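Visitor: just to be clear, the model below is a prediction. Sequence and coordinates:
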Amino acid sequence: MKKHLKLLLFFVFTILLNTNNILFAQTQKTVSEGTVIRVRLLETLDSRQAKMGDIVNLEATEPVMVDGVMLVEPGAKVVGKVLDAVKNKSMGRKGKLDFSIDFVRAKDGQNIPLSSNIK
């Protein structure tokens with residue numbers, strides 16, 4: 001069986017908002033660092049085809065609420081990029097695929113920067 005690194009379309013990640021208390025002008029709410037948002041991949045990633053710098057498209061699967069106000073809606077755009085992609089090697093050595101998750105689009109259209117912590 002040929003081994004390769006492949007992430008499935010509906011693999012769910014948990015990522016942490018790294019907002020450093022970004023203030024949303026429209027809602028006047030602050031999102032604290034460490035806020036959790038769940039996302040899913042919208043495409044299959046494969047180390048055989050991915051290249052460093054490729055865009056990774058994801059979406060939020062749950063709302064992000066702050067003080068009873070929804071700042072991020074389910075289905076909100078989440079974007080990352082491929083950081084490293086190494087194809088499978090000979091003798092059955094596995095490939096490698098690393099990517100970042102960079103921002104989520106808030107309900108008011110702002111992009112909130114993210115840092116990821118896969119759980």
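Guide: Alright, I've got the coordinates. Just so you know, these numbers come straight off a predicted model, no measurement behind them.

Visitor: what residues are up against Phe99?
Guide: Applying Cβ atoms under 8 Å, 6 or more residues apart in numbering, we find Phe99 in contact with Leu45, Val56, Gly80, Lys81, Val82, Leu83. For the C-beta atoms, the positions are set from N, CA and C on the backbone; glycine is no exception.

Visitor: for it, which three-state class applies?
Guide: At Phe99 the chain is in strand, as set by DSSP: H, G, I helix; E, B strand; the rest coil.

Visitor: for it, give its distance to Asn111.
Guide: Separation of Phe99 from Asn111 (Cβ to Cβ, to the nearest Å): 17 Å.

Visitor: check contacts around Val72.
Guide: Val72 touches Ile37, Ala60, Pro63, Val64, Val104, Arg105, Ala106, Lys107, Ile112, counting by Cβ under 8 Å, 6+ apart.

Visitor: give me the pLDDT for the residue nearest to Lys89 when sequence neighbours are not counted.
Guide: Setting aside the residues directly before and after it, Lys89 is nearest to Gly95 in space (Cβ to Cβ, 6 or more residues apart in numbering), at 7.4 Å. The model reports Gly95 with a pLDDT of 83.
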